[in-house]
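**Student:** Give me the fold of what follows.
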Amino acid sequence: MRPMPAPRPMTPHDLTRIRFVSDPQISPDGATVAFVVTTLSEEKDEYLSAIWLVDTAGGEPRRFTTGPRRDTTPRWSPDGSWLAFVSEREAKKKGQLYVMPARGGEPIRLTDLHNGVSAPRWSPDGTRLAFIARVGGWQEPEAEEEKGKSRPPRIITTLKYKFNGEGFIYDRRAHVFVVGATGGAARQLTEGDWDQSDPVWSPDGRSIAFASARHDERDHDDAGDIWLVSADGGTPRRLTSTSGPAVHPSFSPAGDAVGYLGRAIVNGFSKNFRLFTVPVAGGPPKCLTEDLDRSCAPLGIHPLWGPGDTLTISAEDQGSLGLYRVGRDGGPVTRILAGERIVTGYSASADGATLAFAASDPLSPAEIFVCAADGRGERRLTDLNREWKQEVALSRPERFRFERAGFTVDGFVMKPFGWETGRRYPLLVNVHGGPHAQYGLSFFDEFQVQAGAGYAVLFTNPRGSQGYGEAFTSAVVGDWGGGDAADVLAGLDAALARCDWLDPERLGLLGGSYGGFMTSWIVGHSKRFRAACSERAVNVQTSMFGTSDIGFLFNTVELGGVRPWDDMAKYLERSPLTYARDITTPLLIVHSEDDLRCPMEQAEQLYVALKTLRRDVTFVRFPGENHELSRSGKPRHRLERFRILLEWFAKYLPAA
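**Tutor:** Here you go, the predicted structure:
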């Protein structure tokens, strides 16, 4: 027998080898799980997604759809005989709603809407589907003589007129529609100058609950409510009182209450997302997770009702992400899925007795699992990346903790490929975005590629991160570049003290979004790093306030509740551009030209300043990409981005 070849390091091109598994949807009888498998095609320079099936009793997964581009969002009919899904099957058309027999056959297209569809949900009797579609917006004229002529001007009267990844949205509102399961014209149930999301049917099929911000101040805050509308249309009725965001409604089995996720806003800062129920007949909401000091909406999935009127939700916790269960009347919140891993999606059978979920850990991309409603009897159903994982050598993060100003902070170190005792290795320090996100115990291609290139990798969850409670999360508000930056550098010191194989003379720093801010900020206040990469960064707080899709809210809150004209000194003090003269570290600036979250001008201003100062700086602009380049950008751009980053750091802190 030929010996297995020695595992090799992970390289950027491995992104095209991985099967990315997501959105597990268990059939009503609990016998089968439908899920999405996505791959990156370098040749076509696009993502290819198909729906797969696997039996919960075991067996080989099998491909269900064969669309030419992307088939996503599988949803079972109530009797399990059909699957609905969204597909990009026709050229130059956005995703439309299809249904297909669960036993196989030809898909049937149900919609033909210019702006595409999302969030399909079957009615309880299986005769209709609700979904969300944007209405309005400019369309290319059909008459040949009008094609190619000037577009009309945009007349804008709202603050929330654009959104990263979608572009201009002021004239394209998202509304609830219903269409027959066998075809026919789709019927629009809601209308007006506001957006709707998260439609869900009542058990009797007479009503649809959804989330929407319809209050007068909706353009100036982040609040929203849960609403109820007749499945035949009519005037919606509000179930909650606007005090903060309310999303992801879910009817109780009896139809007398709606569970949802919401959060309060105190002094301008949003607190943890918590689980609530509200009576359908009217009355005040009840919080069921008051004693769980964790945010309960990281995956954007509605609460799942289960046996005994329990509800299942997800929450981040110190680098992991698991599932929790609580009774309808409150009481103790029990974690039912634990472990050093990240759950990325989940669903329940019709009786709530069986859960299907996707989960990833540091050494494996997400796969499909199944368990009982209380988490017992867990079994893995897929191992789609088995051959690839046998081929590559992946690095496992080693957790350590350190104390900082009354907080316990998490840090993680990964050894480089080919690590040997007695050698010293260069270190790349990564800072996450958000700032209210967390680095976790999941498979992360960024870190594995860095380790594969010969670098040790350090990542931490400094104050501001999720998963450590409200006090920890809110500690960064009003103090960007203060305690958070000190936490990052303290984590570096702790790692150097812990790992004598790290070379303190070969240090690199990088991060994106808020992590880009931290990179730009730290190199303006420290000379410890030989090279850095600031990506899609916040560099100028004053201009981001008015140019970002969320700046007028986000920057105000994160700087402590002040606007530029109230405290211009604060905005300047917390802008990396202010300290450009002190940046001497060679800096790579990476930005996407269609980024509406941290607009291109954020990169341009810092680049021009550093170039004027004759500093060592390189500016890389990706056309046609938005804020999500590193996560969902065009495959060729993602591979090119990796190449540029690795070449940059190899120039200043070679791994060899």
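**Student:** hey, where'd the strands end up in the stretch 101-250 of the chain?
**Tutor:** 108-109, 118-122, 128-136, 162-163, 167-168, 172-180, 187-188, 196-201, 207-212, 225-230, 237-238, 246-251 (DSSP state E, counting those that start in this stretch).
**Student:** any chance of these in JSON lines, plus distance to Arg621?
**Tutor:** Where you see a C-beta, it was placed from the backbone N, CA and C, and this is true even at glycine. JSON lines is the format used below for the strands of the stretch 101-250 of the chain (distance: least, CB to CB, whole Å):
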{"stretch": "strand 108-109", "distance to Arg621": "38"}
{"stretch": "strand 118-122", "distance to Arg621": "30"}
{"stretch": "strand 128-136", "distance to Arg621": "29"}
{"stretch": "strand 162-163", "distance to Arg621": "19"}
{"stretch": "strand 167-168", "distance to Arg621": "18"}
{"stretch": "strand 172-180", "distance to Arg621": "27"}
{"stretch": "strand 187-188", "distance to Arg621": "40"}
{"stretch": "strand 196-201", "distance to Arg621": "32"}
{"stretch": "strand 207-212", "distance to Arg621": "36"}
{"stretch": "strand 225-230", "distance to Arg621": "40"}
{"stretch": "strand 237-238", "distance to Arg621": "45"}
{"stretch": "strand 246-251", "distance to Arg621": "34"}
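**Student:** which one of those lies closest to Ile155?
**Tutor:** strand 167-168 (11.3 Å; CB to CB).
**Student:** Please work out which residues outside that closest one touch it.
**Tutor:** Here strand 167-168 makes contact (CB atoms under 8 Å, 6 or more residues apart in numbering) with Gly137, Arg154, Tyr161, Lys162, Asp594, Leu596.
**Student:** cool, and stretch 527-535?
**Tutor:** Applying CB under 8 Å, 6+ apart, the external contacts of stretch 527-535 come out as 429, 489, 492, 505-513, 515-517, 519-520, 522-523, 576, 584-591, 606, 630, 645, 648-649, 651-653.
**Student:** Just the buried subset of those residues, please.
**Tutor:** Neighbour-count burial (16 or more other CB atoms under 10 Å) applied to the contacts of stretch 527-535 gives 429, 489, 492, 506-513, 515-517, 519-520, 522-523, 576, 585-591, 606, 630, 645, 648-649, 652-653.
**Student:** Among the contacts of stretch 527-535, which lie within strands?
**Tutor:** Among the contacts of stretch 527-535, DSSP state E puts 429, 505-512, 587-591 in strands.
**Student:** picking up where we left off before, mind giving me JSON lines with the strands of the stretch 101-250 of the chain and columns for mean neighbour count and distance to Val409?
**Tutor:** Formatted as JSON lines, the strands of the stretch 101-250 of the chain follow (neighbours: other CB atoms under 10 Å; distance: least, CB to CB, whole Å):
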{"stretch": "strand 108-109", "mean neighbour count": "14", "distance to Val409": "52"}
{"stretch": "strand 118-122", "mean neighbour count": "20", "distance to Val409": "37"}
{"stretch": "strand 128-136", "mean neighbour count": "21", "distance to Val409": "40"}
{"stretch": "strand 162-163", "mean neighbour count": "18", "distance to Val409": "33"}
{"stretch": "strand 167-168", "mean neighbour count": "14", "distance to Val409": "38"}
{"stretch": "strand 172-180", "mean neighbour count": "21", "distance to Val409": "39"}
{"stretch": "strand 187-188", "mean neighbour count": "14", "distance to Val409": "50"}
{"stretch": "strand 196-201", "mean neighbour count": "22", "distance to Val409": "35"}
{"stretch": "strand 207-212", "mean neighbour count": "25", "distance to Val409": "34"}
{"stretch": "strand 225-230", "mean neighbour count": "21", "distance to Val409": "36"}
{"stretch": "strand 237-238", "mean neighbour count": "14", "distance to Val409": "42"}
{"stretch": "strand 246-251", "mean neighbour count": "24", "distance to Val409": "30"}
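**Student:** which one of the ones you listed lies closest to Tyr455?
**Tutor:** Taking the strands of the stretch 101-250 of the chain one by one with CB to CB, strand 162-163 is closest: 35.2 Å.
**Student:** neighbouring strands for that closest one, and are they parallel or not?
**Tutor:** Here strand 162-163 has these sheet partners by DSSP bridges: strand 167-168 (antiparallel).
**Student:** mind checking how far the strand it pairs with is from the chain centre?
**Tutor:** 19 Å (CA atoms, centre = their mean, to the nearest Å).
**Student:** now swap in stretch 625-639 and tell me
**Tutor:** 14 Å.
**Student:** And that stretch, what's buried?
**Tutor:** Buried, per 16+ other CB under 10 Å, within stretch 625-639: Glu625, Asn626, His627, Leu629, Ser630, Gly633, Lys634, Pro635, His637, Arg638, Leu639.
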